[in-house]
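J.: Okay, here's the prediction I keep looking at, along with the sequence it came from:
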Amino acid sequence: MACDWTKIKSEYITDSKSSYRKLAEKYAVPFATLQCRARKEGWAELKKQTQDNIITKTIDKDTDKKVDRMTRLMDVTDKLLVKIEETVERLSTEGIVFDKSTLRQISGALKDIKDIQGIKSDRDIREQEARIRKLEKEAEASDDGDKQIVIRIAGNAAEYCE
């Protein structure tokens, strides 16, 4: 029976859980033959590139969604700001004096818009920078220079040796 190497290669490259051993069993191909062919044709590198492309596309899609959401949110808050400005202008030209409750509602709405749009005052920015400097100093003071990194790989060791 002839072996469909294109199908086997495609399955290996596109299926993140596939391995040479699993495919050899599935398609009744000697493991050594499959492994040799895969090495010659660079299947492992192709699989890595495919997985990297998938990750990149997923990140790009997620980023596009977030940008679209933020754009819509900014558009809505801009429309709200225009309505507030129109209302304040209309009431001012009609000579209506704002009571404390109305002023609180307007200033509250403006603060909400500022928070939603992430607008920071100079004071907020300076305060945040000061906190960052403090955290950096604390991190430097607690760094004893004796760091140890341990990497543990769980699972079947044979899977990692292929």
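T.: That came through fine. Keep in mind the model is a prediction, meaning the values are calculated, not measured.
J.: Would you point out which residue is most central in this protein?
T.: Of all residues in the chain, the one closest to the mean position by CA atoms, centre = their mean is residue 59, 5.8 Å from it.
J.: Check which helix or strand that one maps to.
T.: For residue 59, the host element (DSSP states H and E) is helix 43-93.
J.: Which elements pack onto that helix?
T.: Packed against helix 43-93 by the contact rule (3 or more CB pairs under 8 Å, 6 or more residues apart in numbering; DSSP states H and E) you find helix 5-14, helix 100-117. Quick note: C-beta positions are derived from backbone N, CA and C, even for glycine.
J.: After the longest one, which helix or strand is next?
T.: Just to be clear, that refers to helix 100-117. Following helix 100-117 in sequence, per DSSP H and E, is helix 122-142.
J.: Between the two ends of stretch 18-35, how far is it?
T.: 13 Å (CA to CA, to the nearest Å).
J.: cool, and stretch 20-32?
T.: 9 Å.
J.: quick one: contacts for residue 92?
T.: Under the criterion of CB atoms under 8 Å, 6 or more residues apart in numbering, residue 92 has no contact partners.
J.: quick one on the thing from earlier: run the chain-centre distance for the helix holding residue 59.
T.: The chain centre lies 13 Å from the centre of helix 43-93; the measure is CA atoms, centre = their mean, to the nearest Å.
J.: what's the answer for stretch 23-41, then?
T.: 36 Å.
J.: Where does the residue of the chain most remote from its centre sit: helix, strand or coil?
T.: Computed with CA atoms, centre = their mean, the residue of the chain farthest from its C-alpha average is residue 95, at 50.8 Å. At residue 95 the chain is in coil, as set by DSSP: H, G, I helix; E, B strand; the rest coil.
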